[in-house]
Structures are given as C-alpha cells and as structure tokens.
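1. Sharing a sequence plus its predicted fold:
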Amino acid sequence: MSIPSFGVGTFRLTGQAAIDSVRNALDVGYRAVDTAQIYGNEAEVGQAIAESGVQRSELFVTTKIWTENYARTKLVASLRDSLQKLRTDYVDLTLIHWPAPGNGVELAEYMEALAEAKALGLTRQIGVSNFNIELTKQAIAAVGKGEIATNQIELSPYLQSHKLTAFLKEQGIAVTSYMTLAYGKVLKDPVLARIADKHQATVAQVTLAWALQLGYAVIPSSTKRENLASNLLARDLKLDADDMALIAALERNGREVSPEGLAPVWD
C-alpha cells in the first residue's frame with residue numbers, strides 16, 4: 001500500500017479542538033493526518049504539525065479539493081492555498097472530495113487538473129473520495145491506470161460495500177475507510193462487544209482491526225488523547241476467522257453520509 005494504513009482524521013474539528021487533536025495524535029505516535037478544504041481546519045492542522053517537532057519527511061498529509069475548486073482554472077490555485085495554510089511545500093496525497101455530478105465541471109477536467117497538481121510537485125499522489133465503480137473507471141481513464149492511490153469511502157461493519165471494495169482491490173487502488181465507527185453507532189453493538197471482551201479490547205479497537213485486516217487504511221478521529229492512543233492499539237489486535245465472520249454478518253447497508261448533489265449513485 002502506497003499510503004499509511006493508520007492515520008488521524010480531522011472531520012468536524014475546528015479551532016483549538018483541531019490543534020489539540022492533531023498535536024496529541026502526533027505525540028502518541030500517529031504519522032498520517034487527513035484533512036480537507038471544506039473542513040475549514042487546514043491552518044489549525046498546519047499549526048499543530050509545525051508545533052509538534054515532528055519532521056515533515058516523517059509525516060503523510062492528505063487534503064481534499066472542494067467542489068467549488070474543481071474547474072481547471074481553480075484547482076491548482078486552491079491547492080497552493082491549502083499548502084500555505086498547512087505550512088508545507090507539498091502534500092502527500094490530494095483527493096477529489098465528492099464526485100458532485102452535475103456541478104458544471106466534467107470529471108475528466110478535474111481529474112486532469114489534479115494530475116497537473118501532481119506534475120507540479122504540489123502533491124506526491126492523487127486519488128478520489130466517495131466515487132462509485134463507474135466514476136472510478138472514468139477517473140482511471142482520465143489520468144491513467146496506476147495513478148489513483150486510493151478511493152476514500154464510508155465503510156463500517158454496517159456498510160461493507162463488497163462490490164466497490166472488490167473492484168478497487170482488482171484495480172490496485174487502496175481503500176481508505178472513513179466513518180469506520182459509524183458515528184459511534186457500532187460502539188453499542190452487542191456482537192462487537194462480545195468480540196471485544198474475548199480479546200480484552202475496546203469495541204473501537206475491534207472495529208478498526210477488522211478494517212485493517214481487510215486491507216483498508218483507517219483515519220479515525222478523536223478529541224481525547226486517551227482514545228487516540230487506544231485506537232492505535234488496533235494495529236496489534238488480530239481477529240480470528242470466527243470474529244471476522246461475525247462482523248461480516250453485521251452488514252445492513254447502514255450508510256451515514258450521502259449528501260444530495262455531491263454523492264454518486266452508490267453501488
């Protein structure tokens with residue numbers, strides 16, 4: 001995988017909460033940070049990184065281009081603006097945040113603009129987020145096979161997206177799972193609680209370990225230092241075949257996020 005398997009997310013974190021979360025994450029051992037233009041926290045993420053004392057070369061920073069910047073005339077300039085806020089000369093990964101069909105910019109145009117940002121050295125890798133199979137195929141056609149590092153998608157024990165993840169694996173595109181804990185809903189799941197008891201682990205650790213064992217990258221967020229540290233321990237948790245089968249049976253197409261006008265027709 002060309003992207004780290006474990007990072008810290010910053011969705012819905014702003015101001016001091018964003019600074020503290022990223023600073024604590026870096027302090028307890030995270031080396032990948034995920035943000036986005038629309039989160040409105042790139043400057044805070046940049047400040048936390050600058051104050052952390054961690055070398056830029058040790059970090060993997062991801063941001064995402066927002067829909068209003070998809071036009072060829074805007075995308076590169078908007079990424080330069082993001083870099084300024086993040087206090088860095090480059091990001092490691094830049095994603096198209098949502099396919100936003102019908103927003104007036106064709107997929108080929110924004111994918112080509114994203115490839116241009118890579119050619120300029122503003123981003124090391126490029127990818128997509130919230131793309132279905134058909135749109136991922138179009139994105140590959142626009143920039144070439146092997147160019148798309150990841151498709152960041154909502155995945156949890158309640159939304160396992162077997163068709164899409166199988167397609168991405170077949171294409172050699174890494175899967176990044178966001179909302180892996182389904183807004184915290186999985187934390188109350190009795191099946192996951194039993195598995196957690198068996199391993200003397202937390203439900204969050206079990207859920208993240210499940211995603212990691214399927215080969216996905218995860219980017220959980222937390223404002224609490226102890227939860228950030230606890231989540232990292234999921235990397236050392238090995239679930240057995242029975243555990244994985246029990247979690248597979250929790251699938252219920254439980255999608256949490258599908259904004260009108262931004263989301264594709266899901267597979």
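-> That came through, no problem. Numbering: from 1, shown residues only.
2. contacts and neighbour counts: CA atoms only from here.
-> Fine.
3. and the nearest residue to residue 15 once chain neighbours are set aside, how far is that from residue 20?
-> Among residues not flanking residue 15 along the chain, residue 44 sits closest, at 6.4 Å (CA to CA, 6 or more residues apart in numbering). Per CA to CA, to the nearest Å, residue 44 is found 9 Å from residue 20.
4. Residue 54 versus the residue nearest to residue 15, what's the distance?
-> Taking CA to CA as the measure, residue 44 falls 16 Å from residue 54.
5. neighbour count winner among those two?
-> residue 44 (23 against 14; other CA atoms under 10 Å).
6. Might one say that that one is in contact with residue 13?
-> No - counting by CA atoms under 8 Å, residue 44 stays clear of residue 13, with 9.4 Å between them.
7. Is residue 63 within a helix or a strand, and which one?
-> strand 60-65 (DSSP states H and E).
8. what packs against that strand?
-> Contact here means 3 or more CA pairs under 8 Å, 6 or more residues apart in numbering; DSSP states H and E; on that basis strand 60-65 packs against strand 32-34, helix 75-86, strand 91-96.
9. rerun at 10 Å
-> Where contact means 3 or more CA pairs under 10 Å, 6 or more residues apart in numbering; DSSP states H and E, strand 60-65 is packed against strand 32-34, helix 42-52, helix 75-86, strand 91-96, strand 123-129.
10. Please identify which of these is closest to residue 203.
-> Of all those, it is strand 32-34 that lies closest to residue 203, at 22.4 Å by CA to CA.
11. which ones are touching residue 167?
-> 132, 133, 136, 137, 173 (CA atoms under 10 Å, 6 or more residues apart in numbering).
12. ok, the last one - how many residues close by?
-> Each residue near residue 173 was counted by other CA under 10 Å, and the total is 21.
13. Isn't it up against residue 149?
-> Yes - Residue 173 lies in contact with residue 149 (CA atoms under 10 Å); the separation is 5.6 Å.
14. Does residue 199 touch residue 206 like I think?
-> Yes - at 8.5 Å, residue 199 counts as touching residue 206 under the criterion of CA under 10 Å.
15. can you pull up the bridge partners for the closest residue to residue 216 other than its chain neighbours?
-> Excluding its sequence neighbours, the residue lying closest to residue 216 (CA to CA, 6+ apart) is residue 175, at 5.1 Å. Residue 175 forms beta bridges with residue 151, as assigned by DSSP bridges.
16. From what I see, residue 175 and residue 160 are in contact.
-> No - assessed by CA under 10 Å, residue 175 is found out of contact with residue 160, at 11.6 Å.
17. Now do the shared contacts for these two.
-> 154, 211.
18. out of these two, which sits in the more crowded spot?
-> For residue 175 versus residue 160, neighbours defined as other CA under 10 Å are more numerous around residue 175 (28 against 23).
19. What confidence value was assigned to that one?
-> Residue 175 is assigned a pLDDT of 98 by the prediction.
20. go on, residue 1?
-> 51.
21. got a winner among the contacts of residue 167 for most neighbours?
-> So for these (other CA under 10 Å), the most neighbours sit at residue 136, 24 neighbours.
22. Quick check: which element contains it?
-> helix 133-143.
23. Now do that helix: distance to the chain's middle.
-> Helix 133-143 sits 19 Å away from the centroid of its parent chain (CA atoms, centre = their mean, to the nearest Å).
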